[in-house]
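1. Quick check, what structure comes out for this input:
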Amino acid sequence: MDADVLIIGSGAGGGTLARALADSGLRILLLERGDYLPREWGNWDPEVVFHAHRYHSREEWRNAAGGSFSPVLGYHVGGNTKFYGAAVLRRREKDFQARQHRDGLTRSWPIAYADLAPYYDQAEAWYYTHGLAGVDPTEAPRSPYPYPPIPHEPAVAEVEAALQKMGHHPFPLPLAIHRLEDDPEHSPCVRCPTCDGFPCMLRAKGDAEMCGVRPALESPNVRLQTQHRVLRLLSSADGKRIEAVETEQGRFSARIVVLAAGAINSAAILLASTNERHPQGLANSSGQVGRNYMCHLNSACMAFRFGQSVSTVFQKTLALNDFYDDSGDPDYPYPLGHIQSLGKVTPAVLHAERPTLPLAMSAFAASHSVDWWLTTEDLPDPENRVTLDDDGTIRLRWEPKNRESHRRLCEKWRGLLRQMGFSLVLFQPMDVSATAHQVGTCRFGEDPGEDVLDPFCKAHDLDNLYVVDGSFMPSISAVNPSLTIMANALRVAKHLRQRFRED
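-> Purely as a prediction, here's the structure:
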């Protein structure tokens with residue numbers, strides 16, 4: 001055996017699990033498809049990050065119609081948390097239950113909020129989470145945040161005050177940032193505009209490399225192998241266990257194998273691992289591997305107030321959940337979603353995203369905008385799925401649900417912004433290539449005929465295979481999934497410790 005626990009992927013799930021098991025004495029082996037993201041000036045260059053896509057994968061996937069696209073994701077130590085906006089929100093209590101939306105009903109979870117609450121606490125502590133409890137009325141019971149909220153800049157504070165005057169309940173956006181407000185001279189974070197969507201050159205972002213992998217590697221029983229792409233998993237003759245993990249470099253074996261390659265790639269690995277015992281792919285007797293892919297309806301928003309320039313630098317500090325549980329309209333009694341501020345759209349960012357826009361126009365637009373991110377819950381649909389074409393290429397079929405609810409959320413926000421004096425409000429929806437919030441392809445539950453994983457994220461069909469990325473989620477809610485992935489990895493780690501003690 002090369003390890004007691006072999007973890008495939010070092011992102012929010014895999015990196016957190018490695019740290020959670022590091023002091024157990026178990027031999028932990030992390031296999032990462034990529035390498036450490038290079039620390040260089042390009043980390044902060046919008047042209048490099050958003051136009052040249054130097055740090056993103058060059059692979060091509062196919063959509064439902066067979067057209068090619070490049071997914072916006074990268075393979076690095078720390079996974080896609082290297083680029084996330086560090087917004088780490090807990091699911092609301094109702095998000096663990098079946099919810100009625102205009103386009104259908106979500107599935108309930110086999111665990112409740114209370115089961116995950118202590119692991120949310122631990123994940124927030126490990127990932128430097130700054131926030132303020134008791135302000136958001138949709139928030140579940142919780143302990144205080146480990147760190148105080150990141151203060152708003154003037155333009156964001158003005159929006160907060162206006163919303164409060166209208167009777168709304170804005171709250172500080174919980175952020176995984178290593179920020180020392182009481183000691184700015186020694187703070188790793190300098191509140192720069194290159195956080196949301198950028199890798200952090202100062203290593204101040206609470207990502208899975210800094211808060212998961214690096215602390216784990218301080219233990220001599222934890223090893224990391226980079227540039228090891230997993231091709232497939234090999235099962236035993238009776239099909240009940242994983243005997244080996246095959247990579248482009250060779251084979252590895254472990255008592256326990258944990259997939260944490262992301263909801264799309266984890267499903268692809270299982271589907272590629274066919275054999276006589278598992279003709280549909282591993283862990284797939286239910287036929288649900290790769291199905292029920294969900295990825296939030298997200299839109300970026302630029303709100304313009306042309307009468308005054310905006311000098312915001314670090315503006316991603318505010319959130320609003322007043323339309324999270326319902327629209328507020330009697331004729332549309334459905335949830336709409338979540339609103340949070342977006343990392344500042346600078347002239348350079350806007351020009352990198354829209355290179356045909358004249359530079360002077362980009363500069364004018366960016367200097368007069370406050371920017372936002374709107375999220376509506378996608379719903380599970382078995383036809384939204386990951387499959388493999390005959391040549392091994394990933395095909396991602398995704399037709400998001402709840403489009404009307406998302407449209408209404410955008411219109412609600414447009415109306416509020418106009419009341420605050422923003423005369424022009426523009427939205428840009430995300431397409432199938434925006435895979436940052438991928439979940440759902442190996443959902444957990446009690447029924448082996450309907451669910452891929454059991455409530456502790458072990459495959460129903462195999463005794464030693466677990467999945468701890470976003471694949472396990474039966475529903476996505478309307479908040480960023482990263483903290484829930486981290487918290488669930490901590491929950492699974494406790495289960496694995498107990499299993500090894502009993503073995």
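2. Look up how far Lys316 lies from Met201.
-> Met201 sits 17 Å away from Lys316, going by CB to CB, to the nearest Å. No exception for glycine: its C-beta is placed from N, CA and C like everyone else's.
3. quick one: which of those two has more around it?
-> Taking other CB atoms under 10 Å, Met201 and Lys316 do not tie; Lys316 has more neighbours (25 against 16).
4. For Ser311, give me the pLDDT.
-> Ser311 carries a pLDDT value of 86.
5. Please name the nearest non-neighbouring residue to it.
-> For Ser311, ignoring the flanking residues on the chain, the nearest one in space by CB to CB, 6 or more residues apart in numbering is Ala155 at 7.5 Å.
6. what helix or strand is the closest residue to Phe69 other than its chain neighbours on?
-> Of all residues not flanking Phe69 in the chain, Ser433 sits nearest, at 4.9 Å (CB to CB, 6+ apart). Using DSSP states H and E, no element contains Ser433; it sits outside every helix and strand.
7. Pull the contacting residues for Trp61.
-> Contacts for Trp61 (CB atoms under 8 Å, 6 or more residues apart in numbering) come out as 68-71, 393-396.
8. Check the gap between Ala268 and Gly262 for me.
-> Distance, Ala268 to Gly262, using CB to CB: 9 Å.
9. Can you list the residue ranges for helices in the chain?
-> Using DSSP state H, the helices of the chain run over 12-21, 46, 113-126, 154-165, 208, 214-217, 263-272, 347-353, 359-366, 403-419, 482-502.
10. Let me know which of those is tucked in deepest.
-> helix 208 (a mean of 35; mean count of other CB atoms under 10 Å).
11. same for that one, what does it pack against?
-> helix 12-21 (3 or more CB pairs under 8 Å, 6 or more residues apart in numbering; DSSP states H and E).
12. Show me what the nearest residue to Asp389 once chain neighbours are set aside is bridged to.
-> Once flanking residues are discounted, Asp389 sits nearest to Arg395: 5.4 Å by CB to CB, 6+ apart. Arg395 has the following beta-bridge partners by DSSP bridges: Arg62, Thr387.
13. Please report how far Arg395 lies from Glu246.
-> As defined by CB to CB, Arg395 lies at a distance of 22 Å from Glu246.
14. Repeat that for His76.
-> Distance from His76 to Glu246, by CB to CB: 22 Å.
15. Between these two, which is the more surrounded one?
-> Between His76 and Glu246, counting by other CB under 10 Å, His76 is the more crowded of the two (26 against 16).
16. which residues touch the more buried one?
-> Contacts of His76 by CB under 8 Å, 6+ apart are 32, 34-37, 55, 82, 209.
17. mind redoing it with 7 Å?
-> By CB atoms under 7 Å, 6 or more residues apart in numbering, the contact set of His76 is 34-37, 82.
18. Kindly reformat those residues as TSV containing neighbour count, distance to Cys195 and pLDDT.
-> Below are the contacts of His76 laid out as TSV (neighbours: other CB atoms under 10 Å; distance: CB to CB, whole Å; pLDDT from 0 to 100):
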residue	neighbour count	distance to Cys195	pLDDT
Gly34	20	21	97
Asp35	11	22	97
Tyr36	14	19	98
Leu37	21	15	97
Lys82	24	12	98
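19. now, among the residues you listed, which is nearest to Pro172?
-> Comparing those against Pro172 with CB to CB places Lys82 closest, at 23.7 Å.
20. Excluding chain neighbours, what is closest to the closest one?
-> Pro199 (4.8 Å).
21. show me the contacts for that neighbour.
-> For Pro199, the contact set (CB under 7 Å, 6+ apart) comprises 37, 43, 55, 82-83.
22. What is the nearest of the residues you listed to Pro146?
-> Comparing those against Pro146 with CB to CB places Lys82 closest, at 21.8 Å.
23. so which of the contacts of His76 comes closest to Cys301?
-> Checking those one by one against Cys301 (CB to CB), the nearest turns out to be Lys82, at 24.4 Å.
24. you'd agree that closest one is up against Asp207?
-> Yes: using CB atoms under 7 Å as the test, Lys82 is close enough to Asp207 to be in contact (5.4 Å).
25. how many other residues sit next to Ser433?
-> Ser433, neighbours per other CB under 10 Å, totals 14.
26. Which pLDDT value goes with it?
-> For Ser433, the model assigns a pLDDT of 96.
27. And Arg191, by the same measure?
-> We note a pLDDT of 93 for Arg191 in this prediction.
28. Next up, the contacts around the nearest residue to it once chain neighbours are set aside.
-> Distances taken as CB to CB, 6+ apart place Phe314 nearest to Arg191, at 3.9 Å, with adjacent residues excluded. Counting by CB under 7 Å, 6+ apart, Phe314 touches 153, 191-193, 195.
29. Kindly report the same for Trp398.
-> Listed by CB under 7 Å, 6+ apart, the contact set of Trp398 reads 293, 295, 384, 432.
30. try 10 Å this time
-> 63-64, 293-295, 378, 381, 383-386, 431-432, 435, 438 (CB atoms under 10 Å, 6 or more residues apart in numbering).
31. ok, it to Ala208 distance?
-> Noted for Trp398: a distance of 25 Å to Ala208, by CB to CB.
32. if we can go back for a sec, which of the contacts of Phe314 tops the neighbour count?
-> Among the contacts of Phe314, Cys195 has the most neighbours (other CB under 10 Å), with 27 neighbours.
33. bridging residues for Ala176?
-> Beta-bridge partners, per DSSP bridges, of Ala176: Thr129.
34. can I assume it is in contact with Tyr84?
-> Yes: Ala176 is in contact with Tyr84 according to CB atoms under 10 Å; the separation is 8.3 Å.
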